[in-house]
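Student: Would you be able to build a 3D model of this:
(4 chains)
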Protein chains: 2
Amino acid sequence: MSAMRPLVHPSIEDISVEGILHALSDPVRAAIYAELAGSGSAATCSNFLQIKERNIPKSTLSQHFRALRDAGLIRSERQGVEMFNTTRCGEIEQRFPGLIGAILHAHGVQAAGKAKKPGGKTKAS
Amino acid sequence: MSAMRPLVHPSIEDISVEGILHALSDPVRAAIYAELAGSGSAATCSNFLQIKERNIPKSTLSQHFRALRDAGLIRSERQGVEMFNTTRCGEIEQRFPGLIGAILHAHGVQAAGKAKKPGGKTKAS
DNA sequence: CCAGTAGTTCGAAACATATGAACTATAGAA
DNA sequence: TTCTATAGTTCATATGTTTCGAACTACTGG
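Tutor: Down below sits the predicted model:
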């Protein structure tokens, strides 16, 4: 029982901004996506069992990859026993120019800031 | 009982990309924010009781404004019995250049697309 | 002080997310 | 072919988040 659904990728027109933002608003998914986009090459799920100094259970990782796929951010293809995941940056750039670049850049800025002052807090109003 | 907490705005350094993306991944909040950013002027909560052809209950609206405020996207100030809300676009642009612009632009692209083909769907793979 | 308006808080229901255990899918060895 | 190992998925459930009506607070002008 409980068949394994075939992989579904939304067509480019069905990709929504809300979906993209939601998918990338999770720190683990953002890190996975940044890594995939940065390397420019394909990677398997289990390359990310350790990320951001955390251990992610593989069931959770699987869900994260599904979220990225459903949002239209990545394309996943089975090759033997593994899954190869690549970003769909190019397509998304066509539809929403500058979006992915700005988000990745912002994540970079934030990471750089954290590295400089590890525990820094300033007053809020 | 149940005092009313004073308004809190995160300082610019405590604003996170994840927080911004999460706040703007909700269609209602995205619409509110786009409106605020587009007009460039202040607006009260109840200006948005109708938005995107939906009626939003005011308790829900209040939570949405809180989410935007906590994410650092807007600044709210009480003036008499009303709240005046303005975006913090300028500050965020300093910290995360291009981010807000790209998101607002993407929302614009998406709205334009929807207007053209109201029920259009294409094949998924 | 009273009534009216703007927004907030509370509590419960509806929805979403994370994770261990059990599963499917594939490859290669025996 | 059957057995074993590896990679990922699904399911059940516990935990967290979101929504929204009802009741509240805060302020203003009689």
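
Student: quick one: contacts for the residue positioned nearest the centre of chain A?
Tutor: In chain A, the residue lying closest to the centroid (C-alpha atoms, centre = their mean) is A:Y33, at 2.9 Å. If you count contacts by C-beta atoms under 8 Å, 6 or more residues apart in numbering or on different chains, A:Y33 has them with A:A23, A:L24, A:L68, A:L73, A:I74, A:T87, A:L104. Backbone N, C-alpha and C define where each C-beta goes, glycine included.

Student: On the three-state scheme, it is what?
Tutor: The three-state label given to A:Y33 by DSSP: H, G, I helix; E, B strand; the rest coil is helix.

Student: quick one: low-confidence ranges for chain A?
Tutor: Applying pLDDT under 70 to chain A picks out residues A:1-2, A:117-125.

Student: Show me what from it comes close to chain B.
Tutor: Applying C-beta under 8 Å from any C-beta of the partner chain, we find that chain A lies next to chain B at A:8-11, A:13-14, A:16-22, A:24-27, A:30, A:95-99, A:101-103, A:105-107, A:109-110, A:113, A:120-125.

Student: Could you give the number of residues near A:H107?
Tutor: Using other C-beta atoms under 10 Å in any protein chain shown, A:H107 has 22 other residues around it.

Student: shouldn't it be in contact with B:L21?
Tutor: No: the pair A:H107 / B:L21 is not scored as a contact, 9.7 Å apart, by C-beta atoms under 8 Å.

Student: Next to DNA strand D, which bits of chain A? Give me the list.
Tutor: A:2, A:4-5, A:7, A:44-46, A:58-59, A:61-63, A:65-66, A:76, A:81-83 (C-beta under 7 Å from any atom of the strand).

Student: make it 6 Å
Tutor: A:2, A:4-5, A:44-46, A:58-59, A:62, A:65, A:81-83 (C-beta under 6 Å from any atom of the strand).

Student: top of these by neighbour count?
Tutor: Ranking the residues of chain A next to DNA strand D using other C-beta under 10 Å puts A:F65 first, with 20 neighbours.

Student: and it, that's in a strand?
Tutor: No: A:F65 is assigned helix when assessed by three-state DSSP, not a strand.

Student: isn't it right next to A:C45, touching?
Tutor: Yes: contact criterion C-beta under 8 Å: A:F65 and A:C45 qualify, at 5.7 Å.

Student: hmm, back to that, chain B: which of the residues of chain A next to DNA strand D is nearest?
Tutor: The closest of the residues of chain A next to DNA strand D to chain B turns out to be A:R5 (C-beta to the nearest C-beta; 12.4 Å).

Student: does the closest one count as helix, strand or coil?
Tutor: A:R5 is classified as coil under three-state DSSP.

Student: how close does it get to B:R78?
Tutor: 51 Å (C-beta to C-beta, to the nearest Å).

Student: A:R75 too?
Tutor: 49 Å.

Student: Tell me which of the two has more neighbours.
Tutor: A:R75 (17 against 10).

Student: just checking, the more buried one is part of a helix?
Tutor: No: assignment of A:R75 by three-state DSSP gives strand, placing it outside any helix.
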